[in-house]
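J.: Predicted model and sequence follow; I will ask about them next.
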Amino acid sequence: MSIRQMIRFPGRSGLGLVALGIPVVMFVFLGFTAPNFATVQNYANVNAQIAALLLVALGQMIVAVSGGIDLSVGSVLSLTSAIIVSVDPALAVPAALMAGLCVGLVNGIGVTVFAVHPLIMTLASMTFLQGLALLILPVPGGDVPDYLEALVRFTFLGLPAAFYWCVLAVVATWVLTSRTRFGLRIFAVGANDLNAARNGVNVTMQRITCYVLCSFGGVLAGLFLSARVASAEPTMGVQYGLESVTAIALGGVLLAGGIGSVPGVIAGTVALGLMTNGMNLIGVSPFIRAAATGLLLLSAVSLQPRKTIGA
Amino acid sequence: MTMTTRAFSSRPGATDALRFVLNLPFAYLGTALLLLFAYFTRPMLLSPLLLLLIVRQAAPLGIAVIGQSVCMRVLSLDLSIGGVIVAVSYILTSGALPYPPPVLIAICILFGLVVGLANAFFITRLRASSVIVTLAMAMILSGVVISLGQFYAPGDAPEVLKFIGQKRIGIVPIALLVWLALLIPFALFLRFSVFGRYVDAIGSNPNAAWVSGIPYIRVLTVVHVMSSLFAVASGLLLVGFVGVGSMDIGSDLALNSLAAVILGGVTFGSGKGGVLGPAVAAFMLTFSFNLLTSLGLGEPGKLMLQGAIIAVAAMAYAVRMQRT
Amino acid sequence: MSKDTEQAVSGPEKASPGRTLVEFAGISKRFGSTAALTEVSLRGGHGSVHAVTGENGAGKSTLMNLLAGVHRPDGGTLRLRGDAVTLGSPQDARRHGISTIFQELTLLPNLTVAENMFLGREPLRFGLIDRRAMRRAAQAALDRLDSRISPDTYCADLSVGEQQMVEIAKGIAAEAEIFILDEPTAALNAPEVEKLARLIAQLRAQGKLIFYISHRLDEIFRFCDVVSVLKDGKHVATHPTQELDHERLVALMVGREIGTLYPERRPQPTKRQPRLVVEALAPSAFGCAVSFRLSVGEILGLAGLEGQGQRAIIRALAGIEPPSAGTVSKAGRKSGDVEHLPASIVATARAGVGFIPEDRKIEGLYLPLSIRQNVALGMLRDQSIWQRARISGNAIEQLLAKMRVVSAGSGQAVGALSGGNQQKVMIGRWLASGVDVLLIEEPTRGVDVGAKAEIYGLLREFADAGGAVLITSSELTEVLGLCDRILAVRGGALVAEFTGTEATEEQVMHAALTGGIEQEAVA
């Protein structure tokens, strides 16, 4: 009858030619142009570089699919870094997770119970937490607990630890989003929260949990990154909030909610990671790289269909 | 006579007054409380001279806030302000462009126009989220400027700007006069123009504004261009005030302006909001940062305060809207 | 409904009146200061289709929302199978065997049919969703409805009628005994209505209780055994439908006989001056191009079943959904003064064409703003954004008084007004703006009968004063009563033209159902 019915709904993964094509094109391009790109050492580097971003982006995807956004996750990363060198080593991980839980709860409650726009809410907590991280640890340094360093330094079957952590995070998120009740309901909430509620989904709890999970992503990335560089830095995560949004947007996750997938996030993260790596190899200034990420973000969000104009 | 006494003594009158105060923008009550707190802890901050200094310091923020408040009233946001200011500072002070100050200022204004148009293009035509677009814009601008800094480092501000930013007439800082000279005409414009009416309409129901043929895209474009131009003005004043350009000048202005707008009583989706509230809030924020510094809390405290203010004020307004 | 299904359902259930399944006993509900329901008592039994009707705002949706667990009553008792129950949430209601099919369907487009049917109570196996069990149960429920929809289809790919089917299947899968259908035919085309009729008959035959909320009289008489009428939140009467006819039911709903709902039409001049000339306009959602003229002084109606393209045509004309091809030209007040309209809503409004959308709360009014501000915005139509707003407060007050807008003063927020008064403000905004063409979608949706007559009067007056009005309406009686000329729309094409005074419901319906494309050439 109408045209709408002739074009079939492509499913809720958001995977398309663009999402999957960009990393492939970049890989091929860099393989031909960048010196030292196609080396085992460089692949290991790329993997380590994108591992933290992947952890953050997976969390960001969960929030985005539910129809929200979390800009504060970068500050959670920084805060984690500050916390683990400032408390007793045995308490480092629990303390960081506890902080992540609190941040997620506050963000989630602000967005759901108080109905604050998620961008404004998480922008506020991003700023607050950055301040808190600087308060706890004014200057970079400190000793990262040895057991954390051991957890990210090993190699197994010739593959670095980062690879295994990535696989673990990916599998866990995939099972969560595509095989559990919680996962199915995130998609429902993201598509239409009112209708999800009418079908018996507890939208408030669902949303709050998404923000908590996203914060946990930030915590894990903070643990990983601090352990890898064996030092803490209170501004370590500054760019991760927007970079994770860029990565998921590139990976076909709809920022308006309801569409997205783990493979898409991997593709988006790899694309962004390859871009950074390529610019590194070619010797571009890190600040131009930031500008390039901004451009990439701009184009990724511009390609997404949205009905509303404004925030 | 009896009428007035009755009205005065009856309880509804008292609760009405309380409700009136509670319905004012938080900035008014907040400023009053802050001044009271300062009176007991740091009375020296309340000397007229120091207060005027703080007002002068608040002027760049106050000017940026004007643009931000209009953005927010049409349900958009502009977080590229920081990027614009860094670029303005670079154009003015680096000497990369060998022109006299008036030409440089004209270039800055042109630059603001271009950034505003670019923001508006992405937000209205491509319908991308304004927060993301303007944050990305800030990233791009500061990234480019910092990279360019390798070739020409920012330096001294032009004398004319230093004069405007630092000097005073009598005891009144020129910066304050500049602020008022921008604020008052703009407030009148918003109050009486067709444009102002359209801003209210779009803010209260964007779909209806679209369907009823209000030039929605044009209004939003104008709003974003205005916001960028106010950011340029704010940058000119700030560079003059500080005296030298730098790579992180005005970097906190975007968030502070957002905080001030929310504190000043402009909220998403109500179609309401004035210009005075955000202006008072700009003063309040600047005053509170000074108070924090005098209490020995540095950058971290400032950031935490900013974040807390935005979150708490936004939540409080949400609660207030749900009640009514 | 076909003959045999009717016989199938008039079996044992009809002979012996069903046991009482649901009883509302003295139910009251307030929202703030307004009483939505006052001591309503109703019963519904197994195997019956129970219509709940009344004017807009009579409380029928509120009553059903209490049963659906959306709201909780302030007073009175709700009994299910004889036991008093409290339904705290929609899930609660579902657990008690109540399935609600809301007017706005609740399916999620990005979930499959099976996922939608089990959302909120997904079957688990080892803590994970048991997709196979879910699929099987969904298939079983669809089979019981003789539906050919696959459980793996995404709901984004279903038509509105199919979605409704899935909603009903959802109730079946949940073993519901009570179905609430809220205005179920609002978005259905004729074959889909037939299908719904069969579904309802099936449910009744299975001993279910169906509450059918509607104010469409013909459907009530066609589908329902019993009808309960609410008015102003009070229960007026409950009668078997056989004992009533249209007029008596309307009298119960309105509480008075309606006089003349529609204003008198002026005799049609043989040659009318065209105001809008639409040529080969092709709305982007439909392939067909339509051509017609809208004349000075006329009210023209686009009639047809919902979703047949009326909305697409009027929206393409207004420039909201720009058409893929075609031209619209508008003649000014002076003869020979012809303007070509670009396909943009801003340009259309500037040229003096006002558009009133069907959903005034979402697309029409600025609810937080005052009545005065809402109307004043119309006056700004031909002013530049940079100039000082020229608004005449007096003119606004006069207009509001003339339109008889009932409010606590023109400073009141529009959101606080009733549907009828909101619609008047909506029309008032365009009247204040001085446009000479009005494009109106569903001019009286959600408007009570009293205000309807006034709105018809306003539109007629506008046309008589030299304006031109184009409406779309899914209420055939409205089109027949109000319009001077009627264009029947089917599948995006104009299939027939009628004169308002001569057309009958049957003729228009026939054209809307079966009209062929070959008749497209309508002047």
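T.: Received it, and whenever you're ready, just let me know what you need. Residues are numbered from 1 along each chain as shown, chains lettered A, B, ... in the order given.
J.: Could you list the low-pLDDT ranges of the stretch 401-523 of chain C?
T.: C:515-523 (pLDDT under 70).
J.: so where do the helices sit in it?
T.: C:419-433, C:449-464, C:476-482, C:505-514 (DSSP state H, counting those that start in this stretch).
J.: Find the nearest non-adjacent residue to the residue of chain C found nearest chain A, please.
T.: Minimum separation of chain C from chain A (Cβ to the nearest Cβ) falls at C:Gly120, amounting to 3.0 Å. Where C-beta positions appear, they are placed from N, C-alpha and C, glycine not excepted. Distances taken as Cβ to Cβ, 6 or more residues apart in numbering or on different chains place A:Gly200 nearest to C:Gly120, at 3.0 Å, with adjacent residues excluded.
J.: Tell me which helix or strand the residue of chain C closest to chain A sits in.
T.: C:Gly120 belongs to no helix or strand when elements are defined using DSSP states H and E.
J.: Distance of it relative to A:Arg198?
T.: Relative to A:Arg198, C:Gly120 is positioned 9 Å away (Cβ to Cβ, to the nearest Å).
J.: and if you look at B:Pro215?
T.: Following Cβ to Cβ, the distance that separates B:Pro215 from A:Arg198 is 37 Å.
J.: related to what we said a few turns ago, which of the helices of the stretch 401-523 of chain C sits most buried?
T.: helix C:419-433 (a mean of 24; mean count of other Cβ atoms under 10 Å in any protein chain shown).
J.: Indicate whether that one makes contact with chain B.
T.: Yes: applying Cβ under 8 Å from any Cβ of the partner chain, one finds helix C:419-433 touching chain B at C:Arg429.
J.: follow-up on the earlier one: which one of the helices of the stretch 401-523 of chain C lies closest to B:Ser69?
T.: helix C:419-433 (26.8 Å; Cβ to Cβ).
J.: tell me what the closest one is packed against?
T.: When contacts are defined as 3 or more Cβ pairs under 8 Å, 6 or more residues apart in numbering or on different chains; DSSP states H and E, helix C:419-433 packs onto strand C:353-356, helix C:371-379, helix C:393-403, helix C:449-464.
J.: Which strands and helices lie in contact with the shortest one?
T.: This points to strand C:353-356. Strand C:353-356 packs on helix C:310-318, helix C:345-350, helix C:419-433, strand C:437-441, going by 3+ Cβ pairs under 8 Å, 6+ apart.
J.: which stretch among these comes nearest C:His510?
T.: Closest approach to C:His510 among the helices and strands packed on strand C:353-356 (Cβ to Cβ): helix C:310-318, 17.1 Å.
J.: Specify the angle between that closest one and helix C:505-514 in degrees.
T.: Here helix C:310-318 runs at an angle of 80 degrees relative to helix C:505-514 (axes from the mean of the first three to the mean of the last three Cα atoms, to 10 degrees).
J.: residue contacts, residue 244?
T.: You didn't say which chain, so I picked chain A. Shown in contact with A:Ser244 (Cβ atoms under 8 Å, 6 or more residues apart in numbering or on different chains): A:Leu53, A:Val56, A:Ala57, A:Gly59, A:Gln60, A:Val73, A:Gly74.
J.: Hmm, no, I was thinking of chain B.
T.: Contacts of B:Val244 by Cβ under 8 Å, 6+ apart are B:Thr93, B:Pro154, B:Gly155, B:Asp156, B:Ala157.
J.: In helices only, show me the residues you listed.
T.: B:Thr93 (DSSP state H).
J.: Now render the contacts of B:Val244 as JSON lines, adding pLDDT.
T.: Compiled in JSON lines, the contacts of B:Val244 are given as follows (pLDDT from 0 to 100):
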{"residue": "B:Thr93", "pLDDT": "88"}
{"residue": "B:Pro154", "pLDDT": "81"}
{"residue": "B:Gly155", "pLDDT": "80"}
{"residue": "B:Asp156", "pLDDT": "84"}
{"residue": "B:Ala157", "pLDDT": "82"}
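J.: Need phi/psi at A:Pro140.
T.: Main-chain dihedrals, A:Pro140, degrees, to the nearest 10: phi -60, psi 150.
J.: Run a quick neighbour tally on it.
T.: Applying other Cβ atoms under 10 Å in any protein chain shown, we find 15 residues neighbouring A:Pro140.
J.: do the same with the one 10 residues further on
T.: Here the neighbour count serves as a burial measure; for A:Ala150 (other Cβ under 10 Å) it reads 11.
J.: list the buried ones in the helix or strand hosting it?
T.: Under DSSP H and E, the secondary-structure element containing A:Ala150 is helix A:146-153. Neighbour counts over helix A:146-153 (16 or more other Cβ atoms under 10 Å in any protein chain shown) mark A:Leu148, A:Glu149, A:Leu151, A:Val152 as buried.
J.: I'd like the mean pLDDT over that helix, please.
T.: Predicted confidence along helix A:146-153 averages 82 (mean pLDDT).
J.: Pull the distance from that helix to the chain's centre.
T.: Remark: helix A:146-153 is offset 22 Å from the chain centroid, using Cα atoms, centre = their mean, to the nearest Å.
J.: What lies in contact with that helix?
T.: Residues contacting helix A:146-153 (Cβ under 8 Å, 6+ apart): A:84, A:89, A:92-93, A:161-162, A:165, A:223-224, A:226-228, A:230.
J.: residues near whatever residue of chain A ends up closest to chain C, how many?
T.: Nearest residue of chain A to chain C, counting by Cβ to the nearest Cβ: A:Gly200, 3.0 Å away. For A:Gly200, the neighbour count with other Cβ under 10 Å is 18.
J.: Got the phi and psi for it?
T.: phi 90, psi 20.
J.: For it, give its distance to chain B.
T.: Between A:Gly200 and chain B the distance is 24 Å, computed by Cβ to the nearest Cβ, to the nearest Å.
J.: Could you double-check that that residue sits in contact with C:Arg94?
T.: Yes: judged on Cβ atoms under 8 Å, A:Gly200 makes contact with C:Arg94 at a distance of 6.5 Å.
J.: shared neighbours of those two, anything?
T.: Joint contacts of A:Gly200 and C:Arg94 (Cβ under 8 Å, 6+ apart) are C:Gly120, C:Arg121.
J.: Near chain B, which residues of the stretch 251-400 of chain C are found?
T.: So the stretch 251-400 of chain C meets chain B at C:320, C:345-346, C:348-350, C:354-355, C:357, C:362-369, C:373, C:376-377, C:380-381, C:383-389 (Cβ under 8 Å from any Cβ).
J.: Selecting buried members of those residues in PyMOL, what would you type?
T.: Only the buried entries of those go into this PyMOL selection, using 16+ other Cβ under 10 Å:
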select buried, chain C and resi 320+345+346+348+349+350+354+355+357+363+364+365+366+367+368+369+373+376+377+380+381+383+385+389
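J.: In the stretch 251-400 of chain C, where is pLDDT below threshold?
T.: Looking at the stretch 251-400 of chain C by pLDDT under 70, you get C:254-260, C:269-270, C:306, C:333-336.
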